[in-house]
Structure formats: structure tokens, C-alpha cells
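*Asks:* Okay, predicted coordinates and the sequence, questions at the end:
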Amino acid sequence: MIETIIFSGTGTRYLSEKIADYYGQSLGKVVLQRFSDGEMQTNIQESVRGKYVFFIQSTFAPSDNIMELLLMIDAAKRASAGYITAVIPYFGYARQDRKDRPRVAIGAKLLANLLIAAGADRIMTMDLHADQIQGFFDIPVDHLKSEAIFFNHLEKEDTSNVIFASPDVGSTKRARAYAQHFGTGLVICDKYRKKANEVAEMTVIGDVTGKDVILVDDIVDTAGTLCRAAQILIQEGAKSVRAFCTHPVLSGPAYQRIEESELTEMVVTDTIPLKQTCSKIKVVPAAKLFSRAIRNVHEYRSISALFVEKNKSELAK
């Protein structure tokens, strides 16, 4: 079988080391050189000729993370790598997936074009903000689901009084998957924005009286929507409110808002490192899921098999 080698960008090394450890090998050696004018250059320190190469890098801020990933892919392509997979636990710019007003860029499509132009043969990511972003690529996309991680976490608890909620209409599909899996009800929080990152109005569709509500979303940025939803759900009679969010962007006043909110707990993955500690935030690791997915790609096995009940239970071990 063709040899596999895993590399990490500097921004995601904390996660890449765990993924490589679960996979059973050390990370490949790559050096990032920064010049005095701010430019950077990547230098792969070992042969990749004919090999399956995986580059792990989330594309959260700063944009240097994106540029570093593109440079690593280009370096491997020019070194005759056999097959290049960009493993992007958090796919930045995913919220720019359409023209929602005149004369704006579609950032997600632009990033897809850049990755393909650099030489990526495959993309692996988790919980894209919009599923249709997979169609922006003309190469295979392995779209992992955080349900494989969060379901195992929740199955250890008593969910008899739980009801799942979507903090906005866009997350309804995601929250419905949780409700169907656990056989519970579903509530939708309908929000209206006057401008980005600021919720002007929100209403609850459904009955939450006496229920332990779990909000489900893919990204938590400034936490304004989640905290506002938690406040309104409590006002509507909810017993408690928690949140399960895949990607903890957590910018601006997010940490303070969460600490002061009605949320009793927020569970996130480590696709993005936390900038500071918060008593209400709990991190569950995603490394095992990605290591299994990398192995399945290398061995030409199904990725969707990772989400069946038997394999989800193995991820929990």
C-alpha cells in the first residue's frame, strides 16, 4: 500500500499531533519561514514523491493560516506527491456562500478555487456552514459530521426531559437530526438581524415549558444569537438551556456573554483552539474522528461508515 504522511500547519498543530498519534505515526517535518516583509515560505523536509499526503490546517483567522495551507499544498504538488488531501477541520469563509446583497464576494467559492489551483486532490472538513459548499469543489469532499462525537457525549446522559432547539432557521436541519436520533421534540428560534453579529428580534416556535433545552449550531462567533436564544427560552419556561456547537470561533465579547448568559454549559470541539478559559465551555476532542477518516481515505474505505451506530460507539472509547 502507498505510504501515508501527515503534515500540520502551525495554526492547527495542537490538533494535528493528536490526530497523528491516533493514526499511529509522527507528523511529517515542514518548516515555515517568515521574511521581514511579512511573506512566508514553506519547506517540506522529507520526500513526498508518490505518497498519500495529508495537510491539516483550519482556516480560522488570521488569513496567514489559509496562505500557509496553500503554500504547503503547492510545495507537495511540485515535489510529485501522489495524492494530496487538505484536512480543514474548520473551513473558514463558509458563511460567505452566496450573494446576499449586490457587489459582495462569495468567499467560500473563492477559497475552494484557491485550494484546487494549489493542487489539492481531496478536501476533508467537518460541519460546513452550508452543505451546498461541497458543490463549490470539482474534487471529492469528505464532509464529517460532529454528530459522531456529540451523540456519544449525550448518550451517556438521561435525555428523557431534553428537547432540542435551533437558535435560528438555518440550523433547523442540524437540530432536527438530534431530535430524531434521541426521539425528542424540536423547537425553532426565529431571529431577525438588522446588521451582522447583532440580533434585533427573536421569537420561539414551540413549547419548552419545564424542558431541558439543548441548542444545536455549527458555529458560535460572537455568541449573541445563542445567548439571546437562551434568555428567551428561559423566559418561555425552559428548565435549563445548554448549547452544542462544533466550531468555537468566539470573537469579540463572546466569552463574557457566555459567562453572563443563561446557558449552563456550552460543549464545543477543538477544531479551533480556545483563546481563553471559560467555566461554562467544555471541549470534546475531534482527533479520533479525523484519524479514522484519514485511514479510511487511505484504505479506500467508506467515510459514511464512520457515522453508523457501531463505529460511533468505537469513537467514544
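*Replies:* Good, I have the coordinates. Numbers count the residues shown, from 1 in each chain.

*Asks:* show me the contacts for the residue nearest to F136 when sequence neighbours are not counted.
*Replies:* For F136, ignoring the flanking residues on the chain, the nearest one in space by C-beta to C-beta, 6 or more residues apart in numbering is A112 at 4.0 Å. Where C-beta positions appear, they are placed from N, C-alpha and C, glycine not excepted. By C-beta atoms under 8 Å, 6 or more residues apart in numbering, the residues touching A112 are 133, 136-137.

*Asks:* The stretch 101-250 of the chain: strands as residue ranges?
*Replies:* Along the stretch 101-250 of the chain, the segments classed as strands by DSSP state E, counting those that start in this stretch run 122-126, 141-144, 162-166, 186-195, 198-205, 212-220, 240-248.

*Asks:* Let me know which of the ones you listed is the nearest to F60.
*Replies:* strand 240-248 (8.1 Å; C-beta to C-beta).

*Asks:* rewinding a little: how much space is there between the residue nearest to F136 and V216?
*Replies:* Using C-beta to C-beta, to the nearest Å, one gets 26 Å for the distance from A112 to V216.

*Asks:* where does the chain have its least confident helix or strand?
*Replies:* None of the helices or strands of the chain scores lower by mean pLDDT, DSSP states H and E than helix 309-315, at a mean of 55.

*Asks:* before we move on, back to that, kindly indicate which of the contacts of A112 lies nearest G252.
*Replies:* I133 (24.4 Å).

*Asks:* Spatially, which residue comes closest to that closest one, not counting chain neighbours?
*Replies:* Per C-beta to C-beta, 6+ apart, closest to I133 is A108, 5.1 Å.

*Asks:* Tell me how many other residues surround that neighbour.
*Replies:* Look at A108: counted by other C-beta atoms under 10 Å, it has 22 neighbours.

*Asks:* Going forward, the N-terminal residue is numbered 611.
*Replies:* Fine by me, first position is 611 from now on; the one you just mentioned is A718.

*Asks:* sorry, back to before: possible to save the strands of the stretch 711-860 of the chain as CSV with mean neighbour count and mean pLDDT?
*Replies:* Below are these laid out as CSV (neighbours: other C-beta atoms under 10 Å; pLDDT from 0 to 100):
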stretch, mean neighbour count, mean pLDDT
strand 732-736, 22, 98
strand 751-754, 20, 96
strand 772-776, 25, 95
strand 796-805, 16, 75
strand 808-815, 14, 71
strand 822-830, 24, 96
strand 850-858, 25, 97
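
*Asks:* secondary structure class for the residue lying farthest from the centre of the chain?
*Replies:* Distance from the C-alpha centroid of the chain, by C-alpha atoms, centre = their mean, peaks at S646 (32.8 Å). Three-state call for S646 (DSSP: H, G, I helix; E, B strand; the rest coil): coil.

*Asks:* For it, give me the pLDDT.
*Replies:* Note on S646: pLDDT of 95.

*Asks:* again, but for the one 10 residues further on
*Replies:* E656 is assigned 95 on the pLDDT scale.

*Asks:* do the one 4 residues further on as well
*Replies:* Predicted confidence (pLDDT) for G660: 97.

*Asks:* Return the distance of the residue nearest to it when sequence neighbours are not counted relative to F617.
*Replies:* Nearest non-adjacent residue to G660, counting by C-beta to C-beta, 6+ apart: G692, 4.4 Å away. Look at G692 and F617: by C-beta to C-beta, they are 14 Å apart.

*Asks:* do the same with K755
*Replies:* Relative to F617, and taking C-beta to C-beta, K755 is found at 25 Å.

*Asks:* of these two, who's got more company?
*Replies:* Remark: of K755 and F617, F617 carries more neighbours, 27 against 17, as counted by other C-beta under 10 Å.

*Asks:* Could you pull up the residues touching the more buried one?
*Replies:* Contacts for F617 (C-beta under 8 Å, 6+ apart) come out as 626, 637-638, 640, 654, 663-666, 682, 686.

*Asks:* Now do the same for it: helix, strand or coil?
*Replies:* Applying three-state DSSP: F617 is strand.

*Asks:* Run through the bridge partners of it.
*Replies:* Counting by DSSP bridges, F617 forms beta bridges with F665.

*Asks:* circling back to that earlier point, compile the strands of the stretch 711-860 of the chain into JSON lines and extend it with columns for distance to V907.
*Replies:* Output for the strands of the stretch 711-860 of the chain, formatted as JSON lines (distance: least, C-beta to C-beta, whole Å):
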{"stretch": "strand 732-736", "distance to V907": "7"}
{"stretch": "strand 751-754", "distance to V907": "7"}
{"stretch": "strand 772-776", "distance to V907": "31"}
{"stretch": "strand 796-805", "distance to V907": "33"}
{"stretch": "strand 808-815", "distance to V907": "39"}
{"stretch": "strand 822-830", "distance to V907": "22"}
{"stretch": "strand 850-858", "distance to V907": "21"}
